[in-house]
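Participant: please find the sequence and the predicted model below.
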Amino acid sequence: GGREGVRYSGSPLPLSLSEAGYRHQVLLVELKGDALESVRPLTVPRSTDMVRVPARDAVPLDEVVALLAALPDHEEDSPEWRRPYLEVCVALPRPEPSLRHKVEKVLEGKAARLVKLTPAYTGTGGALAEAQPGLSLKERTPEDVFRARYARDFQEPPAPVLLEAFHTLLTEVQEEAS
């Protein structure tokens, strides 16, 4: 608020990966009698770094794999607590069931600890009503609803095998209901 003597206490240590780029500090406050004489920030050193790959936004899986492969190798004599905490952000145009496995595989032997895997879906993000404006839910087929929901998260259309599985499930549900 612009007042030199008023501060939000916060935390001297990062409490989440969103604070990775923020340098924490404590303030040395010197008083002279009842008056504030000076306030001096002292940066709190970090014993363990926090790293985000990529540094900004999310990128496709092949680019993430290349970035992770370029990370330094873990040195045998380096203590475990020195390995940085790692957040990996991946842009996904389609479901990737083996995403965690692929990321963990490339990190084997690297000087980093995976603590967060953040998928960023490349779909429209839109609501069902935006997929076919003017149609009510009663006027939509179950496949229309499935495709619209899928497009909300993923840029690519559903794979034929996924549509086949959807139709199998839909048939089973309809048979049980009758």
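Facilitator: Sure thing, it's come through. Numbers count the residues shown, from 1 in each chain.
Participant: phi, psi of Leu36?
Facilitator: With angles defined as degrees, to the nearest 10, Leu36 sits at phi -80, psi 120.
Participant: with Pro41 instead?
Facilitator: Main-chain torsions, Pro41, degrees, to the nearest 10: phi -80, psi 140.
Participant: pull the contacting residues for it.
Facilitator: Applying C-beta atoms under 8 Å, 6 or more residues apart in numbering to Pro41 gives the contacts Gln25, Val26, Leu27, Leu28. For the C-beta atoms, the positions are set from N, CA and C on the backbone; glycine is no exception.
Participant: right, and Asp49 touches Trp81 too?
Facilitator: No. Proximity of Asp49 to Trp81 does not meet the contact threshold set by C-beta atoms under 8 Å, at 11.1 Å.
Participant: comparing those two, which residue is more hemmed in?
Facilitator: Asp49 (13 against 8; other C-beta atoms under 10 Å).
Participant: which ones are touching Arg23?
Facilitator: Thr43, Val44.
Participant: kindly recompute the last result at 10 Å.
Facilitator: Residues counted as contacts of Arg23 (C-beta atoms under 10 Å, 6 or more residues apart in numbering) are Pro14, Pro41, Thr43, Val44, Pro45, Arg46.
Participant: burial check on the residue lying closest to the third one once chain neighbours are set aside, number of neighbours?
Facilitator: When you say that, I think you mean Thr43. Excluding its sequence neighbours, the residue lying closest to Thr43 (C-beta to C-beta, 6 or more residues apart in numbering) is Gln25, at 5.2 Å. Per other C-beta under 10 Å, the neighbour tally for Gln25 reads 13.
Participant: distance-wise, check Gln25 relative to Leu42.
Facilitator: 6 Å (C-beta to C-beta, to the nearest Å).
Participant: identify the contacts common to the two.
Facilitator: Pro12.
Participant: wasn't Leu27 part of a strand?
Facilitator: Yes. Leu27 sits within a strand when classified using DSSP: H, G, I helix; E, B strand; the rest coil.
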